[in-house]
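> Build me a structure from this.
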Amino acid sequence: MHTRPSVATAVITLFCCPPLAQADSDADRARRLAQEGAILTLEEILPLLREARPGTLIELELEYEREHGTYVYEMEVLDADGRLWEVELDASTGALIEVELDD
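As a prediction, the model looks like this:
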């Protein structure tokens with residue numbers, strides 16, 4: 001039986017995929033940023049993602065973009081037709097940065 005990835009998979013990707021020694025510090029950093037109000041929580045960002053590109057969330061990463069001095073949620077979404085999309089949202093405002101088909 002084939003099951004779809006869940007939001008839990010996205011959270012695991014966000015917090016557990018870096019090398020093990022770095023994983024705790026990444027999770028702590030994301031948690032601290034959300035508690036300080038510097039970034040939106042997953043609960044706040046997921047509805048904005050669904051507006052930008054409906055589908056199944058496959059992967060989610062929180063990246064710091066040095067050029068603009070902001071955090072960005074980078075997400076991969078699988079649509080109903082089986083196409084993979086990359087969606088970037090500003091982590092502090094939820095503003096859509098980019099949606100593109102991932103080749």
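
> so what does the stretch of helix or strand Arg50 belongs to touch, helix or strand wise?
In the assignment (DSSP states H and E), Arg50 maps to helix 42-52. Here helix 42-52 touches helix 7-16, strand 56-65, strand 70-78, strand 84-90, strand 96-101, going by 3 or more CB pairs under 8 Å, 6 or more residues apart in numbering; DSSP states H and E. Where C-beta positions appear, they are placed from N, C-alpha and C, glycine not excepted.

> show me the contacts for Trp85.
Residues near Trp85 by CB atoms under 8 Å, 6 or more residues apart in numbering: 53, 55, 76-79, 99-102.

> tell me the pLDDT at the nearest residue to Ala95 once chain neighbours are set aside?
Spatial nearest neighbour of Ala95, chain neighbours left out: Leu89 (6.7 Å); criterion: CB to CB, 6 or more residues apart in numbering. In the predicted model, Leu89 carries a pLDDT score of 97.

> do Pro19 as well
Note on Pro19: pLDDT of 45.

> most centrally placed residue in the chain?
Leu60 (3.1 Å; CA atoms, centre = their mean).

> can you put the helices and strands packed on helix 42-52 in a markdown table and add distance to Glu36?
A markdown table is the format used below for those (distance: least, CB to CB, whole Å):
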| stretch | distance to Glu36 |
| --- | --- |
| helix 7-16 | 17 |
| strand 56-65 | 14 |
| strand 70-78 | 12 |
| strand 84-90 | 16 |
| strand 96-101 | 21 |
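
> Of the ones you listed, flag the one that's most buried.
Mean neighbours per residue, mean count of other CB atoms under 10 Å, is largest over those for strand 70-78, with a mean of 20.

> how far out from the middle of the chain is that strand?
Averaged C-alpha coordinates place strand 70-78 at 4 Å from its chain's average position (CA atoms, centre = their mean, to the nearest Å).

> just checking, what packs against that strand?
Counting by 3+ CB pairs under 8 Å, 6+ apart, strand 70-78 packs on helix 42-52, strand 56-65, strand 84-90.
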